[in-house]
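**Q** Provided below for reference: sequence and predicted model.
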Amino acid sequence: MGLIVDIRKELAGFELKVNFATQGEVLGFLGASGSGKSMTLRCIAGIESPDRGRIVLNGRVLFDSQKGINLPCRRRKVGYVFQNYALFPHLTVEENIGFGIGERKREDRQAIIKEMVTMIKLEGLEKRYPSQLSGGQQQRVALARALAAKPEVLLLDEPFSALDDYLRNHMVKQLTETLAGYSGATLFVSHNIEEVYRVCQSLILLSRGKIEGKGGTEEVFKAPSSLAAAQLTGCKNISPANYISPFKLEALAWGITLKTEIRLSRQVTHVGVRAHLIEAAAGEMKENVFRCRLNFISEGPSRISVYLAVEQDHQGQGSQLLEWEMTPQMWLAMKDQPQPWCLRIAPEDLIIF
């Protein structure tokens, strides 16, 4: 049971080719704009048709190009929350929610609407129109409308993209709580890395229609399977690498030698480290310690990116700056330390390609 998708569709400049199965979890799709994330959802919903392939939901065939099956949207039992929410401006909150319920007795409809309004915490606003609601309230109504139809799968297409950062964080928390009570599968599309990490149990990385990685969210972030996967999950430090020995490589872009935790293949091509995992080296630390000097910094409200020029092990090699991400408190403690600084990358934090 659950959702099984194996489809292909020609898009502008590339072919969308996705193959996955999921059930009873939140599956995230992470990728740049135009990578095929939303088109995948539209094909599942029946808004678009794949060129070929198959889509099966809880044993029901929604689409099968070989058998000529292509169920219309209304028969698919799919809930869809659009990026712009797509609420009907002339309908109130309760009318928008009721629109998705279908043919029911009046008392049954009212009971479902009341349940949904309570779930999204909009009691007292039932008679308001979308124009009288905040962005976060509109998003909640769109979610309630999708869930009111008791869908077997819920599709969320960048549901927070129109919200400011404060409201986005609040809605991520609320969505997580709401989905905890939903038994069907949920597909969550976003290009926001932190959002996907917080909401989704599993993850698919999509680049120009191709799946670059998939699996449990923590696993995909910890050990991305390709350079594209590492970049999509926010790895900012990636260097070409040369094999030296079974547990040692040379990071060519930084001109330093690094010891690894895993046994290396002679075919190693690149090494990466996430910016927040670099650390100041304590006096007794010897492995993977290198010296560097501050080049410049980029300050944000809660994180500071420090760009470092590495003093190379080998003369003439290495030219790429290393990015170290830290909190303002860490920066205050570090900025007046005499340079060059001694920093370290733990062997277990290296990403090997």
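**A** Thanks, I have the structure now. Numbers count the residues shown, from 1 in each chain.
**Q** quick one, helices of the stretch 1-150 of the chain?
**A** Along the stretch 1-150 of the chain, the segments classed as helices by DSSP state H, counting those that start in this stretch run 37-45, 93-99, 106-119, 135-148.
**Q** so which of the ones you listed comes closest to Val18?
**A** Minimum separation from Val18 across these (CB to CB) falls at helix 37-45, 5.5 Å. Backbone N, C-alpha and C define where each C-beta goes, glycine included.
**Q** contact partners of the closest one?
**A** 3, 5, 7, 9, 11, 16, 18, 29-31, 48-50, 55, 62-63, 73, 76, 78, 80, 83, 153, 155, 157-158, 187, 189-191, 206 (CB atoms under 8 Å, 6 or more residues apart in numbering).
**Q** which one of the helices of the stretch 1-150 of the chain lies nearest to Arg344?
**A** So among the helices of the stretch 1-150 of the chain, helix 37-45 is nearest, using CB to CB, at 36.9 Å.
**Q** re the thing from before, can I have the buried ones of the contacts of helix 37-45 as a ChimeraX selection?
**A** With 16 or more other CB atoms under 10 Å as the criterion, this ChimeraX line picks the buried residues out of those:
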select :3,5,7,9,16,18,29,30,31,50,55,62,63,76,78,80,153,155,157,158,187,189,190,191,206
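**Q** tell me who's in contact with Arg140.
**A** Ile120, Lys121, Leu122, Met171, Gln174.
**Q** how about His170?
**A** Counted by CB under 8 Å, 6+ apart, His170 has contacts Gly136.
**Q** can you list phi and psi of it for me?
**A** phi -60, psi -40 (degrees, to the nearest 10).
**Q** per-residue pLDDT, the spatially closest residue to Met116 that is not a sequence neighbour?
**A** Setting aside the residues directly before and after it, Met116 is nearest to Ala144 in space (CB to CB, 6 or more residues apart in numbering), at 4.0 Å. According to the prediction, Ala144 has pLDDT 88.
**Q** from Val306, how far out is Ala280?
**A** 11 Å (CB to CB, to the nearest Å).
**Q** circling back to that earlier point, wait, the residue nearest to Met116 sits on Glu115?
**A** No - using CB atoms under 8 Å, Ala144 is not in contact with Glu115; the gap is 9.1 Å.
**Q** which one of these two has more residues nearby?
**A** When Ala144 and Glu115 are compared for neighbours, Ala144 comes out ahead with 25 against 13, by other CB atoms under 10 Å.
**Q** show me the contacts for that one.
**A** By CB under 8 Å, 6+ apart, the neighbours of Ala144 are Ile97, Met116, Val117, Met119, Ile120, Leu122.
**Q** burial count for the third one?
**A** Val117 is flanked by 21 other residues according to other CB under 10 Å.
**Q** kindly report the same for the last one.
**A** Counted by other CB under 10 Å, the residues lying close to Leu122 total 19.
**Q** can you check the fourth one too?
**A** Met119: 17 surrounding residues under other CB under 10 Å.
**Q** got the domain boundaries for this structure?
**A** 3-231, 235-352 (automatic domain parsing).
**Q** related to what we said a few turns ago, of the contacts of Arg140, which is the nearest to Pro340?
**A** Closest to Pro340, out of all of the contacts of Arg140 and judged by CB to CB, is Met171, at 44.4 Å.
**Q** residues touching the closest one, list them.
**A** Gly136, Gln139, Arg140, Pro159, Phe160, Leu163.
**Q** hmm, Tyr129 and Leu91 touching each other?
**A** Yes - counting by CB under 8 Å, Tyr129 is a contact partner of Leu91 at 7.4 Å.
**Q** can you name the element that comes right after the helix or strand bottoming out on mean pLDDT in the chain?
**A** In the chain, no helix or strand scores lower on mean pLDDT, DSSP states H and E than helix 165-179, which sits at a mean of 78. Using DSSP states H and E, the next helix or strand after helix 165-179 towards the C-terminus is strand 185-190.
**Q** how far out from the middle of the chain is that next one?
**A** How far strand 185-190 lies from its chain's middle: 9 Å, per CA atoms, centre = their mean, to the nearest Å.
**Q** so Leu249 bridges to which residues?
**A** Leu249 has these beta-bridge partners by DSSP bridges: Tyr243, Leu258.
**Q** wait, doesn't it sit right on Ile256?
**A** No - taking contacts as CB under 8 Å, Leu249 lies outside contact range of Ile256: 9.9 Å.
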